[in-house]
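**Student:** Kindly generate the corresponding structure for this input.
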Amino acid sequence: MAIQLGARHLHGFDKPVDLLGDCHRRIEQFLDVLVAVCDAGAGRLPAPLADNERRGLEAALAYFRTAAPRHTADEEHSLFPRMRQAGDPRVAPVLAELDGLEADHRTADVAHAEVDALGKRWLADGRLSPADLTRLSELLQSLRELYRRHIEVEDTRVFPLARQVLSPGAVAEVGREMAERRGLSPPPGADVTSSRPGSAPAP
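**Tutor:** Predicted structure coming up:
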């Protein structure tokens, strides 16, 4: 089974809203990896792991354990507060949606914690019981539906609005804070994708 472990980011921290959209593509890709490994395991119970499945599972679990929480913080502590404070009447209709998106984050956190525990068990034992595999599949399908709705709202409503209502200074602050969460301190307006040769900034 071929496993795609994610694509390179297209944007830097000088365009933080676009970078958040890039992160959505990685969320989708790593969730697809988890689903693919789970589906493959269901075809050969009690689900021993092939080498490429083990690598994909390890990478996807690590992504949702470390990088995805930074993406959540980018939105909840950097982007959303500045949208709420923008003072633009166009933001008012989406304020309730921002609250709902933050509630989605909490729901996803709970599901990912259980996915992580099951995934670690699978990696440690080399196989997963039918009951655990069924539970993992249920969690992943629930997450897939949650992310489908969540990402659609952000990609089609929240992010386009953020590009319209945030001042250049606010955009630069969001980018700096996102970089700092990843241990980087770029100068204002810098594109830090060039600061790591051959790689892109982690989401």
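
**Student:** low-confidence ranges in this structure?
**Tutor:** For the chain, the stretches flagged by pLDDT under 70 are 1-9, 186-203.

**Student:** could you redo the last one with a cut-off of 50?
**Tutor:** Residue ranges of the chain with pLDDT under 50: 1-6, 187, 190-201.

**Student:** Have a look at it and report its longest helix.
**Tutor:** helix 95-125 (DSSP state H).

**Student:** Next, the buried residues of that helix.
**Tutor:** Leu98, Leu101, Asp104, His105, Ala108, Ala111, His112, Val115, Leu118, Gly119, Trp122 (16 or more other Cβ atoms under 10 Å). Any C-beta I mention is one placed from the backbone N, CA and C, and that applies to glycine too.

**Student:** Then stretch 64-84?
**Tutor:** Buried residues in stretch 64-84, counted by 16+ other Cβ under 10 Å: Phe64, Ala67, Ala68, His71, Thr72, Asp74, Glu75, Ser78, Leu79, Phe80, Arg82, Met83.

**Student:** Present those residues as a markdown table; the columns should include secondary structure and distance to Gly175.
**Tutor:** Shown next, in a markdown table, are those (DSSP: H, G, I helix; E, B strand; the rest coil; distance: Cβ to Cβ, whole Å):
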| residue | secondary structure | distance to Gly175 |
| --- | --- | --- |
| Phe64 | helix | 23 |
| Ala67 | helix | 17 |
| Ala68 | helix | 19 |
| His71 | helix | 14 |
| Thr72 | helix | 17 |
| Asp74 | helix | 10 |
| Glu75 | helix | 13 |
| Ser78 | helix | 9 |
| Leu79 | helix | 10 |
| Phe80 | helix | 15 |
| Arg82 | helix | 11 |
| Met83 | helix | 15 |
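
**Student:** how about Arg84, what does it touch?
**Tutor:** By Cβ atoms under 8 Å, 6 or more residues apart in numbering, the residues touching Arg84 are Val91, Leu95, Leu98.

**Student:** Look up how far Glu102 lies from it.
**Tutor:** Applying Cβ to Cβ, to the nearest Å, the value for Arg84 to Glu102 is 11 Å.

**Student:** Over to Ala40?
**Tutor:** 34 Å.

**Student:** got it, and Glu114?
**Tutor:** 20 Å.

**Student:** Likewise for Phe80?
**Tutor:** For Phe80 relative to Glu102 (Cβ to Cβ), the value is 7 Å.

**Student:** if we can go back for a sec, take the buried residues of helix 95-125 and lay them out in JSON lines including distance to Leu31.
**Tutor:** JSON lines is the format used below for the buried residues of helix 95-125 (distance: Cβ to Cβ, whole Å):
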{"residue": "Leu98", "distance to Leu31": "23"}
{"residue": "Leu101", "distance to Leu31": "17"}
{"residue": "Asp104", "distance to Leu31": "14"}
{"residue": "His105", "distance to Leu31": "15"}
{"residue": "Ala108", "distance to Leu31": "10"}
{"residue": "Ala111", "distance to Leu31": "11"}
{"residue": "His112", "distance to Leu31": "10"}
{"residue": "Val115", "distance to Leu31": "10"}
{"residue": "Leu118", "distance to Leu31": "15"}
{"residue": "Gly119", "distance to Leu31": "12"}
{"residue": "Trp122", "distance to Leu31": "16"}
